[in-house]
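**Student:** A structural model of the following input is requested.
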Amino acid sequence: QAVVSTDALSPELKDTDSFYPVLGAWLGATFGETVAVVDGLPPNQSEDRLKAVGAGAASSGAIGLFHIAGVTPEAPTLEAVCDTESVETVPLTPEAVRQTRDHLSTVSGEQINAVAVGSPHFSRAEFATLAALARGRTFDIPFFACTGRDVLDLLSGTEDRAILDAAGLTFVADTCVVVAPILPEAGGVLMTNSAKFAHYGPANTGFDVVYGSLSDCVESAMTGRVVRDETLWQ
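**Tutor:** Below is the predicted model:
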């Protein structure tokens, strides 16, 4: 029912994991229930990126289906899912991306009291990335990773699990910090790389939220203050 052009965005941004939750949040806020096909993204997309788009789109809007041309199964080409002559093409601009990303945060400044990732639940691949970022380091504030018991089984006995235990990560199985009373009762500011956590967190937990990449979340948890790399968002 609509085509989204990403031609105005840099290849570097489109190949960054933290872009995809923002893309989802923009899709939901822009299109509501409309089924859109996103064109111009890299062809080799991970399941984690696709689930981040879906979670963001269903949180900020009511999107039950989206296509990414050349990626999702029904959309090997743009023309396979729409009549490009008759549907509207909406450009996704760098300004819109920045505004959407900024809207995912409810506060600014350096205060941070906890970090939570894993909405949707963290995958084994995401834990590998987190372990690489946390190797030999210790979190200065509570850091929660929500996942499924099947992924915890895969992590059991691995070097990644040992690294994350040493760093002080709290594993949350089969639920998340938005629907279970897991976060510190004192409240404060929660940092996350999840558009879904950012959307539902303030109302459900009483915490303000700050959105950042997974790397931003790790660096912030290590220092006890918000640290964000703004390079690709300029």
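**Student:** strands paired with the strand ranked longest in the chain, and their directions?
**Tutor:** Using DSSP state E to define each element, the chain has its longest strand at strand 114-122. Next to strand 114-122 in the sheet, as set by DSSP bridges, lie strand 143-147 (parallel), strand 189-192 (parallel).
**Student:** what about the longest one, distance to the chain center?
**Tutor:** This means strand 143-147. 13 Å (C-alpha atoms, centre = their mean, to the nearest Å).
**Student:** what do you get for the last one?
**Tutor:** Between the centre of strand 189-192 and the centre of its host chain there is 13 Å, according to C-alpha atoms, centre = their mean.
**Student:** The next helix-or-strand element following the longest strand of the chain: how far from the chain's middle?
**Tutor:** Using DSSP states H and E, the helix or strand that follows strand 114-122 in sequence is helix 124-134. Remark: helix 124-134 is offset 15 Å from the chain centroid, using C-alpha atoms, centre = their mean.
**Student:** Give the buried residues for helix 124-134.
**Tutor:** Using 16 or more other C-beta atoms under 10 Å as the test for burial, helix 124-134 gives Arg124, Glu126, Phe127, Thr129, Leu130, Ala131, Leu133, Ala134. C-betas here are computed from N, CA, C, even on glycine.
**Student:** that older thread, reformat the strands paired with strand 114-122 as a markdown table; add mean pLDDT.
**Tutor:** As requested, these are exported to a markdown table (pLDDT from 0 to 100):
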| stretch | mean pLDDT |
| --- | --- |
| strand 143-147 | 98 |
| strand 189-192 | 98 |
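**Student:** Which pLDDT value goes with the residue lying closest to Val97 once chain neighbours are set aside?
**Tutor:** Closest residue to Val97 apart from its sequence neighbours, by C-beta to C-beta, 6 or more residues apart in numbering: Val22 at 6.0 Å. Val22 carries a pLDDT value of 98.
**Student:** Val22: which element?
**Tutor:** helix 19-31.
**Student:** Show me the contact partners of that helix.
**Tutor:** Applying C-beta atoms under 8 Å, 6 or more residues apart in numbering, the contact partners of helix 19-31 are 2, 4, 13, 36, 38, 49-50, 52-63, 66, 90, 92, 96-97, 100-101, 103-104, 193-196, 198-199, 211, 232.
**Student:** got it, and stretch 71-86?
**Tutor:** So stretch 71-86 is contacted by 1-3, 37, 39, 41, 43, 45, 50, 66-70 (C-beta under 8 Å, 6+ apart).
**Student:** where along the chain do the strands fall?
**Tutor:** Using DSSP E, strands in the chain cover 2-5, 36-39, 66-68, 88-91, 114-122, 143-147, 170-173, 189-192, 208-211.
**Student:** would you list the ones you listed in a markdown table and tack on distance to Val226?
**Tutor:** As requested, the strands of the chain are exported to a markdown table (distance: least, C-beta to C-beta, whole Å):
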| stretch | distance to Val226 |
| --- | --- |
| strand 2-5 | 30 |
| strand 36-39 | 30 |
| strand 66-68 | 30 |
| strand 88-91 | 31 |
| strand 114-122 | 10 |
| strand 143-147 | 14 |
| strand 170-173 | 20 |
| strand 189-192 | 7 |
| strand 208-211 | 6 |
